[in-house]
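*Asks:* Task: produce atomic coordinates for the following.
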Amino acid sequence: MSHYTTILNEMLKLLPRHQFETLVKNQDSDRYVKRFNSWRQLVTMVYAQSSGKQSLRDIQRGLEANSARTYHLGIPAIKRSTLSDANSKRSYKVFEGLFYKLLTRCHEVTPQHRFRFKNPLHSFDATTIDLCLSVFPWAKFRRAKGGIKLHYDFNHAGMIPEFLRVTDAKQHEIKVAKQFFDITPDSIYCMDRGYIDYAWFRRINNAKAFFVTRAKNNLNCRFIGQHSEPNKKGVISDQLIELEGFYSSQDYPHPLRLIQYYDAETDKELVFLTNNMRLSALTIAQIYKARWQIEIFFKWIKQNLKIKTFLGISENAVLTQIWVAMCYYLLLTFIKFQTSYKHSLFYLHRVIQETLLTRCTIIELLKATSIVISRLKRDDPQLTFL
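*Replies:* Numbers count the residues shown, from 1 in each chain. Model prediction:
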């Protein structure tokens, strides 16, 4: 067992320090800063995320109580006001840039999706985080309600967010997708009916990519033929159609597949719309079913990351906390796949949270049984959790 490092220090070593400093220099984030620079801010925020701290006071007390375990991190004694000012005034774009640097590393170790086809598979969706309007007036959503919306391009290879855009809660999903999401040739993009926009579907088709979505109940179309015979695995029909509405037919003048499918698990009949003419109707249905992985991802980050309660009230402070939380999620993902960790991401997060300042390496921790982990905590009397 190592007596010279902690789990937190091991995690920080996985961050691309040189690239982070380049981002800091490009944003001029450390201008006029004497002690609490951007790196120390990042270390503190990663500590807060991984340990589950609820407030600035919790962070300050936790670091003070564990000073014997955090001296090697190079963090000076931190006051609440110092961290609060840094989160409010230092641009969140530094941490946004770090997220995409970590994403590149994750791509090197994440496995492929579970389907047999080789096309990259993505899901588009967004989730809303409610905010108190009186505390966060910049996030006005409705007359007496505030909120922000997180728009994700979710990559099913490794189950990681490929792209994130944070907007006010009034922004519609399709508007953000059309403006910011990149379309990669040969990829398959799965989305719900909130993303139906035939002009955007034409852009996807022209980029030689594919989309899978649910058809609207009032779809105006004409049948031009049968794509394939239905089988006994829930596929009711698989037909070729053309859009007939005046605007929709101009926006998307190409043939589409309309697939009727019976889902025995939910006892519902679903109708899918796609421009993919090669995959079987059953595979198309399974692709849409896999879209629920992004809903599981939303539930996970809201329950395990600190993105619903915030350490500051300014827009920059909120965005800083969200981007650091996403960086921490990618760190967990990288550790899981780089070490071939057999347990879930949730279990990994809990193990790290409970042993964050224990003096051992990540490899030693991940190989340890629950009994060994308990002994590590018990034999480490200076470890304090607040």
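
*Asks:* Surely Phe136 is in contact with Ile313?
*Replies:* Yes - between Phe136 and Ile313 there is a contact under Cβ atoms under 8 Å: 5.9 Å. In this view, the C-beta of every residue, glycine as well, is placed from N, C-alpha and C.

*Asks:* quick one: which of the two has more around it?
*Replies:* Between Phe136 and Ile313, counting by other Cβ atoms under 10 Å, Phe136 is the more crowded of the two (20 against 16).

*Asks:* got the contact list for that one?
*Replies:* By Cβ atoms under 8 Å, 6 or more residues apart in numbering, the contact set of Phe136 is 146, 313, 318.

*Asks:* which one of the residues you listed is nearest Asp182?
*Replies:* Val318 (25.3 Å; Cβ to Cβ).

*Asks:* Name the SS class of the closest one, please.
*Replies:* helix (DSSP: H, G, I helix; E, B strand; the rest coil).

*Asks:* that older thread, from the contacts of Phe136, which is closest to Ile301?
*Replies:* Closest to Ile301, out of all of the contacts of Phe136 and judged by Cβ to Cβ, is Val318, at 14.7 Å.

*Asks:* re earlier: in a markdown table, list the contacts of Phe136 along with pLDDT and distance to Lys101.
*Replies:* A markdown table is the format used below for these (pLDDT from 0 to 100; distance: Cβ to Cβ, whole Å):
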| residue | pLDDT | distance to Lys101 |
| --- | --- | --- |
| Gly146 | 92 | 31 |
| Ile313 | 93 | 28 |
| Val318 | 96 | 22 |
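
*Asks:* Take the residues you listed and write them to JSON lines, including distance to Ala86.
*Replies:* As requested, these are exported to JSON lines (distance: Cβ to Cβ, whole Å):
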{"residue": "Gly146", "distance to Ala86": "24"}
{"residue": "Ile313", "distance to Ala86": "14"}
{"residue": "Val318", "distance to Ala86": "14"}
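
*Asks:* Identify, from those, the entry nearest to Pro185.
*Replies:* So of the contacts of Phe136, ranked by how close each gets to Pro185 (Cβ to Cβ), first place is Val318, at 35.5 Å.

*Asks:* OK, contacts around that closest one?
*Replies:* 136, 139, 148, 310, 312.

*Asks:* what's the answer for Thr70, then?
*Replies:* Thr70 neighbours (Cβ under 8 Å, 6+ apart): 6, 8, 47, 63, 357.

*Asks:* mind checking how far the closest residue in space to the first one that isn't next to it in sequence is from Gly62?
*Replies:* In this case it means Thr6. Excluding its sequence neighbours, the residue lying closest to Thr6 (Cβ to Cβ, 6 or more residues apart in numbering) is Leu357, at 5.1 Å. Going from Leu357 to Gly62 by Cβ to Cβ, to the nearest Å gives 9 Å.

*Asks:* and if you look at Ser88?
*Replies:* 21 Å.

*Asks:* Looking at those two, which is more packed in?
*Replies:* For Ser88 versus Gly62, neighbours defined as other Cβ under 10 Å are more numerous around Gly62 (20 against 16).
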